[in-house]
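Peer 1: Next comes the sequence, and after it the predicted model I'd like to discuss.
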Amino acid sequence: MVIITHQREKCIGCNYCVELAFSHWRMSKKDGKATLIGAENKKGFHTLRTYDDECFDDNVRAADACPVNIIKVKLK
């Protein structure tokens, strides 16, 4: 299982996550911040749990590229 966590409120809208892992990220037209598709929000932490292990590498690259370091990816 892959667990992706995103602190959306701290997003600066750089778009790296969308470019590197398009299947899981979109930019909001309302506020210009990244949105983790299908994530649940708990106290500002948006979390997606998926059994699609193939998405791990792309999302790790997105987390590494994030200039404000608000994306975490874990393999469980």
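Peer 2: Happy to help now that I have it. Residues are numbered from 1 along each chain as shown.

Peer 1: mind listing the strands for this structure?
Peer 2: Along the chain, counting by DSSP state E, strands occupy 2-6, 25-27, 34-36, 40-42, 45-50, 71-75.

Peer 1: what's next to the fifth one, contact-wise?
Peer 2: Strand 45-50 has contacts (Cβ atoms under 8 Å, 6 or more residues apart in numbering) with 1-8, 24, 35-40. Every residue, glycine included, has its C-beta placed from N, CA and C.

Peer 1: Determine the set of other helices and strands touching the helix ranked longest in the chain.
Peer 2: Counting by DSSP state H, the longest helix found in the chain is helix 56-65. The elements that helix 56-65 packs onto, with contact taken as 3 or more Cβ pairs under 8 Å, 6 or more residues apart in numbering; DSSP states H and E, are strand 2-6, helix 16-20, strand 71-75.

Peer 1: any idea which of those is most buried?
Peer 2: Burial of these is given as mean neighbour count (mean count of other Cβ atoms under 10 Å); strand 2-6 ranks first at a mean of 22.

Peer 1: and it, which strands flank it?
Peer 2: Strand 2-6 has the following strand partners under DSSP bridges: strand 45-50 (antiparallel), strand 71-75 (antiparallel).

Peer 1: Now do it against helix 56-65, angle only.
Peer 2: Strand 2-6 and helix 56-65 are oriented at 30 degrees to each other (axes from the mean of the first three to the mean of the last three Cα atoms, to 10 degrees).

Peer 1: Please shift the residue numbers so they start at 37 in all later answers.
Peer 2: Got it, the first residue is 37 from now on, which makes the last one we talked about strand 38-42.

Peer 1: Identify the residues contacting strand 38-42?
Peer 2: 60, 70, 72, 75, 81-89, 91-92, 95, 106-112.

Peer 1: Which ChimeraX command selects the buried ones in the residues you listed?
Peer 2: To isolate the buried members of those in ChimeraX, using 16 or more other Cβ atoms under 10 Å:
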select :60,70,72,75,82,84,91,92,95,106,107,108,109
